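*Asks:* sharing a model prediction with you, sequence too.
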Amino acid sequence: MSDEILICRCEEVTEQEIKDAIKNGASTVDGVKRVTRAGKGLCQGRTCRCLVENLISRETKTPVEELEYPNNRPPVRVMKVKALAELDKEDQ
Amino acid sequence: MKREAEIVVIGSGIMGSSIAYNLAKAGKEVVVLEQNEICSGTSSATAAWLWPSDKTPEHYGRLAWHSMEIYKNLEEELGADFEYTITGSLELIWTEKQIESAKKLIELEEKLGHEVKILTQDETIKMEPVINPNVLGAIYCEEDGNLNPFLLVNAYIQAAKRHGAEINTNTKVQDLIVKGNSIKEIVTNKGSIKPGLVICAAGMYSKELAKKIGVDIPIHPERGFCLVSERLPKMLNTTVCGARQTASGNIVFGFVKDTVDSIDRKMYSRGMQMAANDIMRDMPSLGDINIIRSYTGIRVIPDDKFPILGPSEIIDNFWLSVTHSAVVFNCALSEIIVQLVNGERDTDSIPYYAYKRFIK
Ligand SMILES: Cc1cc2nc3c(=O)[nH]c(=O)nc-3n(C[C@H](O)[C@H](O)[C@H](O)COP(=O)(O)OP(=O)(O)OC[C@H]3O[C@@H](n4cnc5c(N)ncnc54)[C@H](O)[C@@H]3O)c2cc1C
Ligand code: FES
């Protein structure tokens, strides 16, 4: 049944897919993200990151505190291309 | 982790994974050492275009096209989908000077048996309606495309394992112990291993690693900034020099080149803004789409731009595999490595790529 459970809603990644990635060697949130896309969605992992961390922790028997903290990838909130192009004008 | 192995590959980016797979398939005992997770270096921050049609001069172009031949059956061979797709490519033309160099490229490609064309303004907009209508035209090649680098590396790694390779992640090479003229021991945070042959595919970290044992690799870093859009309906038909749309619908933008003197992968707001400015120039109609993520990657550029492949000459069992454009070239380069290992060819057959070229 657990393969039916959605961990990352944005990218529709199931618990089983994440477990498979961990079995194949992924041991961090970023590692899982690279192979499954969990965390690459519109919310950029705000919803699923903790769930992924808990899964890694359980499967690899590592306390959550000891897992490598994932890289933050700006922008923190979605931004339009237009707005990003204007960034320099704000700097000046 | 094994304590001894015929061949130890340092790094599990596109190059390390490709080499590990091809050597394991050829029956060699292979151990991979990766300091982080697989595909966590430059290969995780690439644009991932398969763009053989702009590789010059002739020998480099031939190498690129040979790699593309190998790609044709690679998904089947590896038993995995890595979103390999041939879309055709567009490089926008903004200046007359570009037209002149395009003409030379067309001549070269014709000689290599591939068609590169100059499209008019109308033809360009028809092929790719999101392009700025003020563009002069575009250079087009039907045979270029792109792929998903994470899936490619993962496919290589899983296939390498099936052929008996041992993959060690979170295993950082800390030291190389040399006695006489060869590496006797590789020291990692997970203990030591005695290598027969060591192949360094550590990307941007190769220079520092090789320096420890007196090998100077003439490469320099160049930073790139990329932006990723939200998932979108199909908007791009081709791989545009600056943008590709993935199988999931996200558009990955980025062609920014920034010469730097360090291998720092932090994102700067200036980087995001440069990339966004490029989009506004090339595809202004995409100004309203949402960007959900950005990333920085370090391109490793050999000083003479060509791959550095095979024996380091200075240390007997220390080989190199350091290159730019590994997405394109890895298949051909791994094939050469296997042939060198098997003694089926020597470095005289790769005068432009062997380390020997740097020894006066
Ligand atoms: C923005 C950008 C766009 C690009 N676009 C394209 C493109 O469109 N087409 C193309 O063909 N190429 C492109 N490239 C280039 C391409 O991405 C690289 O050539 C390729 O990723 C290099 O792969 P690699 O395996 O040599 O290095 P990497 O992917 O960097 O792999 C090296 C690995 O070695 C590991 N490592 C390093 N030191 C150690 C150590 N001491 N112990 C253990 N492990 C170690 C690292 O963790 C890393 O995983 C682009 C690059 C950038 C930055
Ligand atoms: S739920 Fe995973 S990215 Fe949004």
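*Replies:* Thanks, I have it. Predicted model, so just to flag it, every value in this text is computed and none were measured. Ligands and ions are numbered 1, 2, ... in the order given.

*Asks:* for the residue nearest to residue B:245 when sequence neighbours are not counted, what are phi and psi?
*Replies:* Spatially, and ignoring its direct neighbours in sequence, residue B:245 is nearest to residue B:236 (4.2 Å; CB to CB, 6 or more residues apart in numbering or on different chains). For the C-beta atoms, the positions are set from N, CA and C on the backbone; glycine is no exception. Here is the backbone geometry of residue B:236 (degrees, to the nearest 10): phi -110, psi 130.

*Asks:* list the contacts for residue B:236?
*Replies:* B:87, B:128, B:130, B:243, B:244, B:245, B:251 (CB atoms under 8 Å, 6 or more residues apart in numbering or on different chains).

*Asks:* ok, the spatially most central residue of chain A - contacts?
*Replies:* Taking CA atoms, centre = their mean, the centroid of chain A lies closest to residue A:39, which sits 2.7 Å from it. Residue A:39 makes contacts with A:8, A:11, A:29, A:32, A:33, A:45, A:48, A:49, A:52, A:70, as judged by CB under 8 Å, 6+ apart.

*Asks:* dump those to TSV, plus secondary structure and distance to ligand 2.
*Replies:* Below are the contacts of residue A:39 laid out as TSV (DSSP: H, G, I helix; E, B strand; the rest coil; distance: CB to the nearest ligand atom, whole Å):
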residue	secondary structure	distance to ligand 2
A:8	strand	3
A:11	coil	6
A:29	helix	11
A:32	helix	11
A:33	helix	9
A:45	coil	5
A:48	coil	3
A:49	helix	7
A:52	helix	8
A:70	coil	12
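
*Asks:* that older thread, per-residue pLDDT, the residue nearest to the centre of chain A?
*Replies:* Per-residue confidence (pLDDT) for residue A:39: 94.

*Asks:* circling back: the contacts of residue B:236 in strands, which ones?
*Replies:* If you go by DSSP state E, the contacts of residue B:236 have B:243, B:244, B:245, B:251 in strands.

*Asks:* ok, and the most crowded of those residues?
*Replies:* residue B:243 (28 neighbours; other CB atoms under 10 Å in any protein chain shown).

*Asks:* where does residue B:7 sit: helix, strand or coil?
*Replies:* For residue B:7, the assignment made with DSSP: H, G, I helix; E, B strand; the rest coil gives strand.

*Asks:* again but with residue B:133, I slipped
*Replies:* Quick answer, by three-state DSSP: residue B:133 is coil.

*Asks:* residues contacting it?
*Replies:* Residues near residue B:133 by CB under 8 Å, 6+ apart: B:121, B:125.

*Asks:* using the three-state scheme, assign the closest residue to ligand 2 within the stretch 1-150 of chain B.
*Replies:* Nearest residue of the stretch 1-150 of chain B to ligand 2, counting by CB to the nearest ligand atom: residue B:150, 15.5 Å away. What three-state DSSP gives for residue B:150 is helix.

*Asks:* residues contacting it?
*Replies:* Taking CB under 8 Å, 6+ apart as the test, what residue B:150 contacts is A:34, A:35, B:39, B:44.

*Asks:* skipping adjacent residues, who's closest to residue B:323 in space?
*Replies:* Using CB to CB, 6+ apart, the closest residue to residue B:323 is residue B:307 (3.7 Å).

*Asks:* need the residues of chain A near chain B, please.
*Replies:* A:11, A:24-28, A:30-31, A:34-35, A:37, A:40-42, A:44, A:73-75, A:78-82, A:84-88, A:91 (CB under 8 Å from any CB of the partner chain).

*Asks:* which stretches in chain A count as strands?
*Replies:* A:6-8, A:13-14, A:79-80.

*Asks:* deepest-packed of those strands, please.
*Replies:* Highest mean neighbour count of the strands of chain A: strand A:6-8, a mean of 22 (counted as mean count of other CB atoms under 10 Å in any protein chain shown).

*Asks:* alpha carbons only: can I get stretch B:221-228 in CSV?
*Replies:* Taking Å, rounded to 0.1, in the frame of the first residue of the first chain, the C-alpha atoms of stretch B:221-228 are listed here in CSV:
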residue,chain,number,x,y,z
PRO,B,221,36.7,27.5,-13.9
GLU,B,222,33.9,29.4,-15.6
ARG,B,223,30.7,30.0,-13.7
GLY,B,224,27.2,29.5,-15.2
PHE,B,225,23.9,30.6,-13.8
CYS,B,226,20.6,28.8,-14.7
LEU,B,227,17.0,29.5,-13.9
VAL,B,228,14.2,26.9,-13.8
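
*Asks:* can you select the buried ones from the residues of chain A next to chain B in ChimeraX?
*Replies:* What follows is the ChimeraX syntax for the buried subset of these, where burial is set by 16 or more other CB atoms under 10 Å in any protein chain shown:
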select /A:11,25,26,27,28,30,31,34,35,37,40,41,44,73,74,75,78,79,80,81,84,85,86,87
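
*Asks:* ramachandran angles for the residue in the stretch 51-200 of chain B positioned nearest to ligand 1?
*Replies:* In the stretch 51-200 of chain B, the residue that lies nearest ligand 1 is residue B:173 (3.6 Å; CB to the nearest ligand atom). With angles defined as degrees, to the nearest 10, residue B:173 sits at phi -70, psi 120.
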